[in-house]
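Engineer: When you get a sec, could you give me coordinates for this:
(chains A, B, C and D)
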There are 2 protein chains.
Amino acid sequence: MGHGARRQQIVEAADDLFYRQGFEHTSFADIAKVVSISRGNFYHHFKTKDDILDAVIKTRLDRTQHMLADWEEEGATPKDRIKSYIKILLTNWLMIKSYGCPVGTLCTELAKLNHTSKDEANKVFTLFRRWLKKQFSLLGHSQDADALAMRVLSWSQGVATLSNAFNDYKYVKQEVDKMCDWLDAMSVKATP
Amino acid sequence: MGHGARRQQIVEAADDLFYRQGFEHTSFADIAKVVSISRGNFYHHFKTKDDILDAVIKTRLDRTQHMLADWEEEGATPKDRIKSYIKILLTNWLMIKSYGCPVGTLCTELAKLNHTSKDEANKVFTLFRRWLKKQFSLLGHSQDADALAMRVLSWSQGVATLSNAFNDYKYVKQEVDKMCDWLDAMSVKATP
DNA sequence: GACAATCTAGGGCAGTCGTCCTAATATCTC
DNA sequence: GAGATATTAGGACGACTGCCCTAGATTGTC
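Structural biologist: Model (predicted):
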């Protein structure tokens, strides 16, 4: 096994399990089973469980940054880019309906645990927030760009939570359409 | 101690701790400390921890039903009543910013644990949903009353989640105002 | 005051948790 | 091939978990 490959393997398994089962409910034994190593072997790669969490958050931050950069490249207009974000609700529907939004649910859990890394986890939110703000600025809404970014974030968080509770795809689809319509109506105002 | 008073005392302590720390992170020892009884004494009141959870959910359902009935009585118009719901975000701001929405966070946690009682917990959402739907029907939006109820639910859930992450009262206040404005604008359309 | 029902404290149960140690194995470097 | 380094398995640790038992205290009823 190559340099740090096993470490990355552990982080990815932990990432998945933290999302699906929650951070606290996931034990070393759970991760070990997925990666097929012994429990006692963790200490060689990570000193504590919190270290694994930090590594997980770090990769999530990296992954998010890459995803946002990709959207920046792919989307022709800011509107298209914002829609890329909105549409995760549909692309990841199968996961979200069972486990909620990976960002929101981790932040909420760490907040309740009053965990040291909760601020670090919140940074994923901040990443989206800043990126959305930038897009809204480019759309001509520089004045209330941040408020609009928060609105989109909040909207998707709400839909994710209710989608998790009610397991209703049609509802999610409707909300995504509504968000896109709202976005379209807004950009018209900005470019008269 | 009167008939079932200790039991109710345990339920109330558990309710609070489940909210602030999460269900799984709360142990018998935690509850025992609050109620000032010994750990081993629980078995006399509840067979299992899940039984306590069920009792907690039950009282939450009851409390919610009473609250909705009160709003029904106090609010002169359906619009006022819906605003009663929206304004919990401000009344409970101090709790929400630290621990999120009690309904949403419990449902999310139980979903991740794939807990037997997760459907029961979701019923609290359903209670709000039906009540809001009724109010929107009375407002003259019987056709899309349920969709509007979901929208209000989702909106508040999103704001609660972000308020928990960013700890920003001004943002919550703004969103509450926007929701009220949105509500006012909507009811105008229904009563021309 | 006698008796039954209810409630209580304290501790033991087997299991799991995160952590840490040690000894053996694999891998790399020269 | 020798020696250093990296990785591994397995198990032990103390602490905690939910759960359960028992024996004593309290309360209520006649």
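Engineer: Could you list the contact residues of chain A toward DNA strand D?
Structural biologist: A:1, A:3-4, A:6, A:36-41, A:43-45 (CB under 7 Å from any atom of the strand). Yep, even glycine has a C-beta here, placed from its N, CA and C like the rest.
Engineer: Out of those residues, which one has the weakest pLDDT?
Structural biologist: Least confident by pLDDT among the residues of chain A next to DNA strand D: that is A:Met1, with 45.
Engineer: any idea how far A:Val56 is from chain B?
Structural biologist: 15 Å (CB to the nearest CB, to the nearest Å).
Engineer: thinking again about what came up before, which of the residues of chain A next to DNA strand D fall within helices?
Structural biologist: A:6, A:43-45 (DSSP state H).
Engineer: and the residues you listed as CSV, adding distance to A:Ala160?
Structural biologist: Below are these laid out as CSV (distance: CB to CB, whole Å):
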residue, distance to A:Ala160
A:Arg6, 32
A:Tyr43, 36
A:His44, 37
A:His45, 32
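Engineer: Most neighbours out of the residues you listed, which is it?
Structural biologist: Neighbour counts for these, by other CB atoms under 10 Å in any protein chain shown, peak at A:His45, which reaches 18 neighbours.
Engineer: Tell me which residues touch the residue most central in space within chain A, please.
Structural biologist: The centre of chain A sits closest to A:Val103, judged by CA atoms, centre = their mean, with a distance of 3.9 Å. Residues in contact with A:Val103 (CB atoms under 8 Å, 6 or more residues apart in numbering or on different chains) are A:60, A:121, A:124-125, A:128.
Engineer: Just flag the most distant two among those residues.
Structural biologist: Greatest spatial distance in the contacts of A:Val103: A:Ala121 and A:Phe128, 12.7 Å, computed using CB to CB.
Engineer: More neighbours: which of the two?
Structural biologist: A:Ala121 (25 against 19).
Engineer: contacting residues for the more buried one?
Structural biologist: Taking CB under 8 Å, 6+ apart, one finds A:57, A:103, A:106-107, A:110 in contact with A:Ala121.
Engineer: Reformat the residues you listed as JSON lines; add secondary structure and pLDDT.
Structural biologist: Shown next, in JSON lines, are those (DSSP: H, G, I helix; E, B strand; the rest coil; pLDDT from 0 to 100):
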{"residue": "A:Ile57", "secondary structure": "helix", "pLDDT": "98"}
{"residue": "A:Val103", "secondary structure": "helix", "pLDDT": "98"}
{"residue": "A:Leu106", "secondary structure": "helix", "pLDDT": "98"}
{"residue": "A:Cys107", "secondary structure": "helix", "pLDDT": "98"}
{"residue": "A:Leu110", "secondary structure": "helix", "pLDDT": "98"}
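Engineer: which of the residues of chain A next to DNA strand D are close to DNA strand C?
Structural biologist: Answer for those near DNA strand C (CB under 7 Å from any atom of the strand): A:39-41, A:43.
Engineer: Tell me where chain A has helices.
Structural biologist: Under DSSP H, chain A gives helices at A:5-21, A:28-35, A:42-45, A:49-74, A:78-86, A:88-91, A:93-99, A:102-113, A:118-138, A:145-166, A:169-190.
Engineer: Give me the below-cutoff pLDDT ranges for chain A.
Structural biologist: A:1-3, A:187-192 (pLDDT under 70).
Engineer: DNA strand C contacts on that one?
Structural biologist: A:2, A:26-30, A:39-43, A:47-50.
Engineer: Let's see that with 10 Å instead.
Structural biologist: Proximity of chain A to DNA strand C, by CB under 10 Å from any atom of the strand, involves residues A:1-3, A:23-33, A:38-44, A:46-53.
Engineer: Now the two most distant members of the ones in helices among the residues of chain A next to DNA strand D.
Structural biologist: Among those, A:Arg6 and A:Tyr43 lie farthest apart (CB to CB), at 13.1 Å.
Engineer: I figured A:Cys180 hits A:Ser84, correct?
Structural biologist: No - using CB atoms under 8 Å, A:Cys180 is not in contact with A:Ser84, being 11.2 Å away.
Engineer: okay if I get the helices of chain A as CSV plus distance to B:Asn114?
Structural biologist: Shown next, in CSV, are the helices of chain A (distance: least, CB to CB, whole Å):
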stretch, distance to B:Asn114
helix A:5-21, 8
helix A:28-35, 14
helix A:42-45, 25
helix A:49-74, 21
helix A:78-86, 28
helix A:88-91, 22
helix A:93-99, 9
helix A:102-113, 14
helix A:118-138, 23
helix A:145-166, 12
helix A:169-190, 20
